[in-house]
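1. Got a predicted model here, sequence first, then my questions.
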Amino acid sequence: MSDFQTKARAAEAAMREVFPATPLLRNDHLSSLYGADIWLKREDLSPVRSYKLRGAFNAMRKQDSDLYVCASAGNHAQGVAYMCQHFNVKGVIFMPVTTPAQKIQKTRMFGGDQIEIRLTGDYFDDCLSAAQAFCQEAGGHFLSPFDDEDVIEGQASVAVEIETQLGRTPDHMVIPVGGGGLSSGILSYFGTDTQYTFVEPAGGACLRAALIAGKPVALDQVDTFADGAAVAKIGAQTFARLSGVGLANTLTIPEDRLCISMLEMLNVEGIVLEPAGALSVDALKDMGQAIRGRTVVCVTSGGNFDFERLPEVKERAQRHAGIKKYFILRLPQRPGALKDFLGFLGPDDDIARFEYLKKSARNFGSVLIGLETAAPENFERLFGLLDANGFTYQDITEDEILAQFLI
């Protein structure tokens, strides 16, 4: 047994005084769908609905400080707050001003009087800088969300539990990657005894960028939809452990496709997952024959999902599936023109949005139309009819700039 494995097991054993092991559950639906023995490690069922409290616990139990400081817009903040309450120590948690009220309230609930929340900056980088400056000035201990050996060791307790619950090492691990704390911890514990697929959101693939560059590099832009894994630059210490994984063992998932898996898990299994928490499940769609007949463990890393976002998730899922489109129609300003257009719609076509953008033109008016349908091919039929009848239109579904302003 390696020194790291010994430390990870000690961390896991110590955690049992604070919270129970999260379940490892076989999923019959996914197993049948992909012809494999698929298990979900349900980190979404931890006391803070993510694995982040593990690293916070291990780092804090090994430090001797009266003040802990962190910067986070979500799960790390809640994990630190929970452990400040447990260890009866003070914590100052910096969160961006733009953090949803629900996440602020949950962090305050877990930490109670032991924590102070400071809302600073519109973006995480500003928040991080403020937290680090305060920590240095106040003489506290800064708790990194991932780039810390004690945190990595604590996250590796996920692997310790999997080994115990399954009774052996799984054939294949599917792990979401943000800053790399969870993935580097599991990799360091299991080593070469299993195969891996490391999964990132397409708009935050910092591990893939680092593997290509041979070192951690900052992404020019990050899509924050999968906020639990939306990291601009992988940690130096985590990448040191992940640098040899190879690009072939990584996957990037489009954020809109991720929404389909979130809805499927909610509607079919009754499992609430945040976007980052659904990464490992969605990755199964791309793994095909590689996992057939094998024992596969997917880490569902978090379930902190605000249901006010559900309409957005449904919208993105429909657009990715090709069953919802937005287009601008140049509608002739003559009697019967609208009736002609409506006559082109099929029995499965449903107008979700209809808005005149410009009525001042004498001969034509611009109309924004949102249309839902049952199958993508229905749009081919509709656009064919519009073309044949001389209607001018522009599909803006994938036009990010226009969609940002109009949809």
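-> It's in.

2. Would you list the phi and psi of residue 390?
-> Torsion angles at residue 390 (phi, psi; degrees, to the nearest 10) stand at phi 80, psi 20.

3. and the strand or helix carrying residue 356, what does it pack onto?
-> Assigned by DSSP states H and E, residue 356 belongs to strand 350-358. Contacts defined by 3 or more CB pairs under 8 Å, 6 or more residues apart in numbering; DSSP states H and E place strand 350-358 against strand 324-332, strand 364-372. To be clear about C-beta, it is placed using only N, CA and C from the backbone, and glycine gets the same treatment.

4. Swap in 6 Å and give it another go.
-> Packing partners of strand 350-358 (3 or more CB pairs under 6 Å, 6 or more residues apart in numbering; DSSP states H and E): strand 364-372.

5. for whichever helix or strand comes after the strand it packs on, which positions count as buried?
-> Toward the C-terminal end, the helix or strand that comes next after strand 364-372 (DSSP H and E) is helix 377-388. For helix 377-388, the buried set under the neighbour-count rule, 16 or more other CB atoms under 10 Å, comprises 378-379, 382-383, 385-386.

6. try stretch 281-297
-> For stretch 281-297, by 16+ other CB under 10 Å, it's 281-284, 287, 291, 294-297.

7. Just the closest of the buried residues of helix 377-388 to residue 400, please.
-> Set against residue 400, the nearest of the buried residues of helix 377-388 by CB to CB is residue 379 (19.4 Å).

8. Report the contact partners of that closest one.
-> Counting by CB atoms under 6 Å, 6 or more residues apart in numbering, residue 379 makes contact with residue 325.

9. hang on, residue 229 packs against residue 201?
-> Yes. At 5.5 Å, residue 229 and residue 201 qualify as touching, with contact defined as CB atoms under 6 Å.

10. Let's see the pLDDT reported for the residue of the chain most remote from its centre.
-> Distance from the C-alpha centroid of the chain, by CA atoms, centre = their mean, peaks at residue 335 (49.1 Å). You'll see residue 335 listed with a pLDDT of 86.

11. still on that earlier bit, now distance to residue 109 and pLDDT too, for the buried residues of helix 377-388, in CSV please.
-> Listed next are these as CSV, based on distance: CB to CB, whole Å; pLDDT from 0 to 100:
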residue, distance to residue 109, pLDDT
378, 46, 97
379, 46, 97
382, 49, 96
383, 50, 96
385, 55, 95
386, 53, 95
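
12. Just the CA coordinates for stretch 2-13, please, in CSV.
-> This file holds the C-alpha atoms of stretch 2-13, laid out as CSV (Å, rounded to 0.1, in the frame of the first residue of the first chain):
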residue,chain,number,x,y,z
SER,A,2,1.4,3.4,-1.0
ASP,A,3,1.8,6.3,1.5
PHE,A,4,-1.0,8.2,-0.4
GLN,A,5,-3.4,5.3,0.0
THR,A,6,-2.7,5.0,3.7
LYS,A,7,-3.4,8.7,4.1
ALA,A,8,-6.6,8.6,2.0
ARG,A,9,-7.9,5.7,4.1
ALA,A,10,-7.1,7.5,7.3
ALA,A,11,-9.0,10.6,6.0
GLU,A,12,-12.0,8.4,5.1
ALA,A,13,-12.0,6.8,8.5
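
13. which residues sit against that stretch?
-> Stretch 2-13 is touched from outside by 58, 153-154, 156-157, 160, 188-189, with contacts defined as CB under 6 Å, 6+ apart.

14. May I see the buried residues of it?
-> Neighbour-count burial for stretch 2-13, counted by 16+ other CB under 10 Å, picks out 4-5, 7-9, 11-12.

15. what does the domain assignment say about this protein?
-> The chain breaks down by automatic domain parsing into domains covering 3-50+150-313, 66-139, 322-406.

16. centre of the chain versus the last one, how much separation?
-> Using CA atoms, centre = their mean, to the nearest Å, the mean C-alpha position of domain 322-406 is found 33 Å from that of the whole chain.

17. Okay, buried residues for stretch 28-46 please.
-> The neighbour-count check on stretch 28-46 (16+ other CB under 10 Å) flags 30, 34, 36-46 as buried.

18. follow-up on the earlier one: report the two of the buried residues of stretch 281-297 separated the most.
-> For the buried residues of stretch 281-297, the farthest-apart pair by CB to CB is 282 and 295; their separation is 19.4 Å.

19. what pLDDT does the closest residue to residue 169 other than its chain neighbours get?
-> Closest residue to residue 169 apart from its sequence neighbours, by CB to CB, 6 or more residues apart in numbering: residue 193 at 4.5 Å. Looking at residue 193, its pLDDT stands at 95.

20. By mean pLDDT, flag the weakest helix or strand of this structure.
-> Least confident element among the helices and strands of the chain, by mean pLDDT, DSSP states H and E: helix 400-406 (a mean of 76).

21. And for it, what's in contact with it?
-> The contact list for helix 400-406 (CB under 6 Å, 6+ apart) reads 368, 396.

22. ditto for stretch 333-344
-> Applying CB under 6 Å, 6+ apart, the external contacts of stretch 333-344 come out as 331, 363, 365, 382, 385.

23. if I look at the third one, how far off is residue 341?
-> Right, the one you point to is residue 365. In this view, residue 365 and residue 341 are 12 Å apart by CB to CB, to the nearest Å.

24. Thought residue 203 was touching residue 252, still the case?
-> No. Using CB under 6 Å, residue 252 is not in contact with residue 203, being 8.9 Å away.
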